[in-house]
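# any chance you can model this:
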Amino acid sequence: MMKRLFFWLVVAGLTMTASAQRLTSPNGKLSVEIKGGQLMIAYQGQQVLQMKDAQAALPLKALKTKKVKADYTMIEGKRSHCSNEANEYRVGQMTVRLYNDGLAYRYESPVKEQAAYVIPEGMKRWMMQWTDGAENFYPLMTTYKEKAHRSFSAVSKDADGNCVRWSFPALLELKDGVFALLTEANIEKGQSASSMYNEGEVYRVVPDETIAGETCEHSPWRLVILGSLGDVVESTLVTDVSEPCKLEDTSWIKPGVVSWVYWAYNHGSDDYNIIKKYTDLAATLKLPYVLIDAEWDRMKDGKTVEDAVNYAKSMGVKPMIWYNSSVGWIDGAPTPKFRLNKPEDREKEFAWCEKIGVAGVKIDFFSGENQKNMDYCIDLMESAARHHLLVNFHGATVPRGWQRTYPNLLSTEGVYGAEWYNNVATFTDKAACHNATLPFTRNVIGPMDYTPCAFSDSQHPHITSHAHELALTVLFESGLQHLADRPESFLAQPKAVQDFLSTLPAAWDETRFVSGYPGESCVLARRSGNTWYVAGINGTDNEKTLTVPLDFLKGKYAATLFADSGSKEEPWRIETIQKLPATVTCQPRGGFIFRIER
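The predicted model follows:
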């Protein structure tokens, strides 16, 4: 009898040990099995991704499940009320969380990071070659043998000229219909951001340079957002794992649309009369903000930036102004420079902004993802918040959850956007496909200051349609949505288009993925209050019919359709419809929007 009892106790112990090596999400769809230094990630019972880490080879002592819940509100973003839950485990020096829409892990002590993802040859992936400003394309690839872009000197390459350093986020199609977005979140003081270096099929996560003796006790969260395309696009995992809001009063933080000068003139704001034109545009279209861009400290004709600020305020428009971060591009770069680097100078400058009525600051030209840059960004956000200033980081890395911790950060560039029509001819032919990739990659992780919506041409032409351009204002989420085009171009559009821009939200209560595939097309539905906006674009050079299943809209709705007519003389087709169609046929590089109300 005692021998039999001992036998079953041993069996039970072995069973517990085996089961302890399998980690699961609350809904059971995601699981991780740990096998000798490897984490085998499964979705709905099928292994889909392999991750290597030396911490996973350590004995699993007293592996206990802890429930973790997130429930919070966001001022800007794809969803105003966010909630999520996870099962949390300790694996070696790693904390591992399995959410219903992904995996999160971080190191709880300063150990050398050895995590790596195995991305086998033949697997579809949309990945961006690393640059310090995260301004590059996400081409569809099936191999690690991708030639480094010659136009970006910062791109790292091997002896054969293949790129070996890759930015977050990176999108993988693990199996048909199953996707993973690799990224990270919650950068704190004492931490750098990370990128991936590949050696063949193995992509190592490598933190950027840190300052000796000043590192944080734990690492940022590394994330694998996992599931269908809809699961990826709708996920709030980046903010779910980030620190809660650190500001006591957020009532002054207001997302909004911005009138913006640079795209049309390839220049800053040293001309008071041009600033007046963009301020008048904002007033006419009822846009809340105007950006006074670079070189405002060198204004012509005896005018000053305070004259421009006062004019904007007199027109009921809130002015924002531009600064050079003075840590990246400095020599030959526009001014003002070196006004924010020292804490005492920064406080003085931001106090002056607050005093004269500036609503926010756009800070440009950072120098990468190292700890120095990350700490500087946090200092800037905290100082700006003390003086009730909104923040837009330009020439900067991608967002990693700061929009929850510091909600005065309403947007970040970190994207190859419409300002590139100023710089090189490359964007003209690539824009439509690129635009149809960004909702599945870069914009998933946070606000994206792409500067959309141009009906006329910049220095280089665009060949996307009018409706495609208008759709980008909804498709691309940004708490400060800078409109790119000239005042005379916007004011030449039909009144219905002008009215659309006048009421355009810059933050959303809800976002739903409707249909699409990276680089080919994308249709998203976003809700603000009781109004839904459904935007779709064709990323191809051929006519394409997009499916628009809107079964989630219950009750009766009336909708205004903005679409392409196909005529150069009268490019718009704008009509009121009572029944929403199941499909919309888009011209090459075209698009559409439904503005839907009960």
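
# all helices for this structure, in order.
2-20, 229-234, 237-240, 262-265, 272-285, 305-314, 343-356, 371-386, 402-405, 427-435, 466-475, 487-491, 495-502 (DSSP state H).

# most packed of the ones you listed?
Counting by mean count of other CB atoms under 10 Å, helix 237-240 has the highest mean neighbour count of these, with a mean of 29. For every residue, glycine as well, the C-beta is placed using N, CA and C.

# let me see the ranges of the strands in the stretch 151-300 of the chain.
Applying DSSP state E, counting those that start in this stretch to the stretch 151-300 of the chain gives strands spanning 165-166, 170-175, 178-185, 194-199, 202-207, 221-227, 256-259, 289-292.

# so what touches the last one?
Meaning strand 289-292. 256-261, 269, 275, 278-279, 281-282, 305, 308-309, 312, 317-322, 359-360, 362, 480, 482 (CB atoms under 8 Å, 6 or more residues apart in numbering).

# for that strand, which residues meet the burial criterion?
289-292 (16 or more other CB atoms under 10 Å).

# what residues are up against residue 253?
Residue 253 touches 75, 390, 407-408, 410, counting by CB under 8 Å, 6+ apart.

# wait, which of the residues you listed is closest to residue 171?
residue 410 (24.7 Å; CB to CB).

# how close does the closest one get to residue 523?
Distance, residue 410 to residue 523, using CB to CB, to the nearest Å: 25 Å.

# so for residue 30, which of the helices of the chain sits nearest?
So among the helices of the chain, helix 229-234 is nearest, using CB to CB, at 10.3 Å.

# just the ones of the contacts of residue 253 in strands?
Counting by DSSP state E, the contacts of residue 253 place 390, 410 in strands.

# ranking by neighbours, what's the top pick from the contacts of residue 253?
residue 410 (29 neighbours; other CB atoms under 10 Å).

# residue contacts, the closest residue to that one other than its chain neighbours?
Excluding its sequence neighbours, the residue lying closest to residue 410 (CB to CB, 6 or more residues apart in numbering) is residue 479, at 3.1 Å. By CB under 8 Å, 6+ apart, residue 479 lies in contact with 75-77, 255, 403, 410-411, 447, 506-507.

# what's the closest of those to residue 190?
Closest approach to residue 190 among the contacts of residue 479 (CB to CB): residue 403, at 20.3 Å.

# the closest one touches residue 77, doesn't it?
Yes - using CB atoms under 8 Å, residue 403 is in contact with residue 77, at 6.4 Å.

# overlap in contacts of the two?
239, 446-447, 479.

# JSON lines for the residues you listed, including distance to residue 225?
Shown next, in JSON lines, are the shared contacts of residue 403 and residue 77 (distance: CB to CB, whole Å):
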{"residue": "239", "distance to residue 225": "12"}
{"residue": "446", "distance to residue 225": "13"}
{"residue": "447", "distance to residue 225": "17"}
{"residue": "479", "distance to residue 225": "21"}
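
# out of the residues you listed, what pair is the most spread apart?
Going by CB to CB, the pair spanning those furthest: 239 and 479, at 12.7 Å.

# between these two, what contacts are shared?
Counting by CB under 8 Å, 6+ apart, the residues touching both residue 239 and residue 479 are 77, 403.

# count the residues that sit near residue 206.
15.

# ok, residue 554 next?
Neighbours of residue 554 using other CB under 10 Å come to 7.

# now do the same contact list for it.
Per CB under 8 Å, 6+ apart, neighbours of residue 554: none.

# any buried residues in stretch 80-92, and which?
For stretch 80-92, by 16+ other CB under 10 Å, it's 80, 82, 84-89, 91-92.

# which among the residues you listed gets closest to residue 367?
residue 82 (31.9 Å).

# with adjacent residues omitted, what lies nearest to that closest one?
Nearest non-adjacent residue to residue 82 (CB to CB, 6+ apart): residue 236, at 4.4 Å.

# and that neighbour, what pLDDT?
Residue 236 is assigned 98 on the pLDDT scale.

# residue contacts, it?
If you count contacts by CB under 8 Å, 6+ apart, then residue 236 has 74, 77-79, 82, 84 around it.

# what's the closest of the helices of the chain to residue 168?
helix 237-240 (10.1 Å).

# can you name every helix or strand that that closest one contacts?
Judged by 3 or more CB pairs under 8 Å, 6 or more residues apart in numbering; DSSP states H and E, the packing partners of helix 237-240 are strand 81-91, strand 178-185, strand 221-227.

# give me that answer again for 7 Å
Helices and strands touching helix 237-240, as assessed by 3 or more CB pairs under 7 Å, 6 or more residues apart in numbering; DSSP states H and E, comprise strand 81-91, strand 221-227.

# list the contacts of the last one.
Taking CB atoms under 7 Å, 6 or more residues apart in numbering as the criterion, the residues outside strand 221-227 that touch it are 30, 41, 43, 49, 101-106, 115, 179-186, 205, 232, 235, 237-238, 241.

# pairing partners for it, with directions?
Paired with strand 221-227 in the same sheet, following DSSP bridges, are strand 102-107 (antiparallel), strand 178-185 (antiparallel).

# pull the distance from that strand to the chain's centre.
On the basis of CA atoms, centre = their mean, to the nearest Å, strand 221-227 sits 15 Å off its chain's mean C-alpha point.

# use 29 as the first number from now on
Let's use 29 as the start, then, which means that last one is strand 249-255.

# what is the mean pLDDT for it?
The average pLDDT within strand 249-255 is 98.

# tell me the angle it makes with strand 230-235.
Computed by axes from the mean of the first three to the mean of the last three CA atoms, to 10 degrees, the angle separating strand 249-255 from strand 230-235 equals 140 degrees.

# ok so, going back, would you list the strands paired with strand 249-255 in CSV and tack on mean neighbour count, distance to residue 362 and mean pLDDT?
Compiled in CSV, the strands paired with strand 249-255 are given as follows (neighbours: other CB atoms under 10 Å; distance: least, CB to CB, whole Å; pLDDT from 0 to 100):
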stretch, mean neighbour count, distance to residue 362, mean pLDDT
strand 130-135, 24, 38, 96
strand 206-213, 25, 31, 98
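
# the ones you listed: which one's closest to residue 173?
Residue 173 lies closest, by CB to CB, to one member of those: strand 206-213, at 19.3 Å.

# check contacts around residue 402.
215, 219-221.

# can we see that at 6 Å?
Applying CB atoms under 6 Å, 6 or more residues apart in numbering, we find residue 402 in contact with 215, 220.

# would you mind measuring from it to residue 57?
Taken as CB to CB, the span from residue 402 to residue 57 is 33 Å.

# could you do residue 152 as well?
In terms of CB to CB, residue 152 sits 21 Å off from residue 57.

# more neighbours, these two?
residue 57 (17 against 14).

# per-residue pLDDT of that one, please?
97.

# identify the residue nearest it in space, chain neighbours excluded?
residue 72 (5.5 Å).

# tell me the pLDDT at that neighbour?
97.
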